[in-house]
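Student: the following comprises the amino acid sequence and a computationally predicted model.
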Amino acid sequence: MADTAAVHQFVDKLKASNPAWVDEVIDSLGEVSIVVSRESIVDVCRTLKEDHNFDLLADLCGADRGPEEDPRFVVNYHLFSTKHFNRLRVKVRVSEDDAKIHTVSHIWRTADWHERETYDLFGVVFENHPDLRRILLPSDFDGHALRKDYPLRGYEPYSMN
Amino acid sequence: MGLENKLVESLPEVLTVKLDAVVNWARKSSLWPATFGLACCAIEMMNTVSSRNDLSRFGAETFRASPRQADVMIVSGRVSRKMAPVLRRIYDQMPEPKWVISMGACATSGGVFDNYAIVQGVDKVVPVDVYVPGCPPRPEMLVHAITMLQDKIMKESMRDRQDTYEAESRVSVVPGTLPVTEGTALERETEIEVAQKQVPRPYTVPSRHERRRSS
């Protein structure tokens, strides 16, 4: 199992700068994840990038935990540093009724298309995004395809069955 | 072609019988498929024109990248719902006479991809002349489909195949837009925009060729 002590240093530094930022720390399978509240995600991301050299947003994706769960959605930020080569995952839990989160595309430009994909497939709205529209599915698509309650064959007339 | 249409109109019975045979023979002997590979079936389609199978024995080896120069569209692979309007546009850009071969299980019926992303049979988008089963079909099966299409062409009449000179088929082509799926919210928005701003409709109308088949 990989040694995660180096990554925990950054988590501790983050806690030291503002204890309210980190809700939970998950250390599993040699990977470190921190759970962050929706309100502080932009500040956490900016601190991680500017003060702790996490300069690469390797991936930004959504996850649907199922329609019976609350909060239903999770937005994952996979960070990597090209300076000290550590990886850190940031999770934000979002409820279905208020599936909104502030964009981080002004921090990492690559988040632009990743957030469009997450909006396209899960229906999570990224506020203040420069161009939030569908990216993979056709523009006239009805619904969000990767939600657990989306029917496999789609809705009429889109399914064309 | 202008001459044949005038001949058909002026001498409907006498001349067309023999001219049909000559024209059909010419058409079937040099089919020009459009280069339109969609998925793994396209690999078999490329193999069909390679040295081992040599589709040029049947006069159909000249694949064209431009639909304006093509006669046959070989739909080789699964058609995603996002690809369907593009496929339809390419079909509309092909001049008459034109034929469609649906190659493989996915293009014919959706195949194993029975989901929201894949069109369940390309015949929902364009009229199909020959269906080829298989996943993917062997090159010999595609060669067989070409020869079946040639047999079908020999039974056609020139009266079935005329270019659509109607104004609507020209208006339908708006650069930079794609057809809109019927019955969706985007279509209703588009209709409102068409009515308010007096802009042409972005989606294409069915050609005379298709209307003839559906009626």
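Tutor: Here it is on my side, so go on. These figures come from a predicted structure and were not determined experimentally.

Student: okay, the residue of chain A found nearest chain B: pLDDT?
Tutor: Closest approach between chain A and chain B, counting by C-beta to the nearest C-beta: residue A:154, at 3.0 Å. Quick note: C-beta positions are derived from backbone N, CA and C, even for glycine. We have a pLDDT of 76 for residue A:154.

Student: which secondary structure state does it sit in?
Tutor: Secondary structure, DSSP: H, G, I helix; E, B strand; the rest coil: residue A:154 is coil.

Student: wait, it sits on residue B:119?
Tutor: No. Contact criterion C-beta atoms under 8 Å: residue A:154 and residue B:119 do not qualify, at 11.2 Å.

Student: list the buried residues in the host helix or strand of residue A:59.
Tutor: Assessed by DSSP states H and E, residue A:59 sits inside strand A:56-64. Judged by neighbour count (16 or more other C-beta atoms under 10 Å in any protein chain shown), strand A:56-64 contains these buried residues: A:56-57, A:60-62, A:64.

Student: check whether it comes near chain B.
Tutor: No. Using C-beta under 8 Å from any C-beta of the partner chain, strand A:56-64 stays clear of chain B, with a minimum separation of 15.7 Å.

Student: residues contacting that strand, please?
Tutor: Under the criterion C-beta atoms under 8 Å, 6 or more residues apart in numbering or on different chains, residues A:72-82, A:87, A:104, A:107-108, A:110-111, A:114-115, A:117-118, A:121-122, A:124, A:146-148 lie in contact with strand A:56-64.

Student: buried subset of these?
Tutor: Burial of the contacts of strand A:56-64 was assessed by neighbour count (16+ other C-beta under 10 Å); the buried members are A:72-75, A:77-79, A:81, A:87, A:104, A:108, A:111, A:114-115, A:117-118, A:121-122, A:124, A:146-147.

Student: counting only helices, which of those make the cut?
Tutor: Taking DSSP state H as the definition of helices, the buried ones among the contacts of strand A:56-64 contribute A:111, A:114-115, A:117-118, A:121-122.

Student: got any ranges where the chain has weak pLDDT?
Tutor: Since no chain was named, I'll use chain A. Scanning chain A with the threshold set as pLDDT under 70 gives A:1-2, A:156-161.

Student: hm, I was asking about chain B
Tutor: Scanning chain B for pLDDT under 70 picks out B:1-2, B:4, B:12-18, B:160-187, B:199-215.

Student: so which residue of it comes closest to chain A?
Tutor: Nearest residue of chain B to chain A: residue B:116, at 3.0 Å (C-beta to the nearest C-beta).

Student: and the gap between that residue and residue A:73?
Tutor: Distance, residue B:116 to residue A:73, by C-beta to C-beta, to the nearest Å: 20 Å.

Student: next helix or strand past the host helix or strand of residue B:102?
Tutor: Per DSSP H and E, residue B:102 falls inside strand B:99-103. Next in sequence after strand B:99-103, counting helices and strands by DSSP H and E, comes helix B:104-109.

Student: for that following helix, packing partners?
Tutor: Applying 3 or more C-beta pairs under 8 Å, 6 or more residues apart in numbering or on different chains; DSSP states H and E, one finds that helix B:104-109 contacts helix B:41-48, strand B:72-76, strand B:130-132.

Student: just give me the neighbour total for residue B:84.
Tutor: 21 (other C-beta atoms under 10 Å in any protein chain shown).

Student: for it, give me its contacts.
Tutor: B:119, B:124-125.

Student: which residue sits closest to the residue of chain A closest to chain B, ignoring its sequence neighbours?
Tutor: Leaving aside its sequence neighbours, residue A:154 sits nearest to residue B:116 (C-beta to C-beta, 6 or more residues apart in numbering or on different chains; 3.0 Å).

Student: is it true that that neighbour touches residue A:152?
Tutor: Yes. With contacts counted by C-beta under 8 Å, residue B:116 reaches residue A:152, the gap being 6.8 Å.

Student: compare these two (neighbour count), which wins?
Tutor: Between residue B:116 and residue A:152, counting by other C-beta under 10 Å, residue B:116 is the more crowded of the two (22 against 10).

Student: can you read off the backbone torsions of the more buried one?
Tutor: The phi/psi pair for residue B:116 (degrees, to the nearest 10) reads phi -70, psi -20.

Student: all strands for chain A, in order.
Tutor: Here chain A has its strands, by DSSP state E, at A:22-28, A:31-36, A:56-64, A:73-80, A:87-94, A:100-102, A:125-127.

Student: pairing partners for the longest one, with directions?
Tutor: I take that to be strand A:56-64. If you go by DSSP bridges, strand A:56-64 pairs up with strand A:73-80 (antiparallel).
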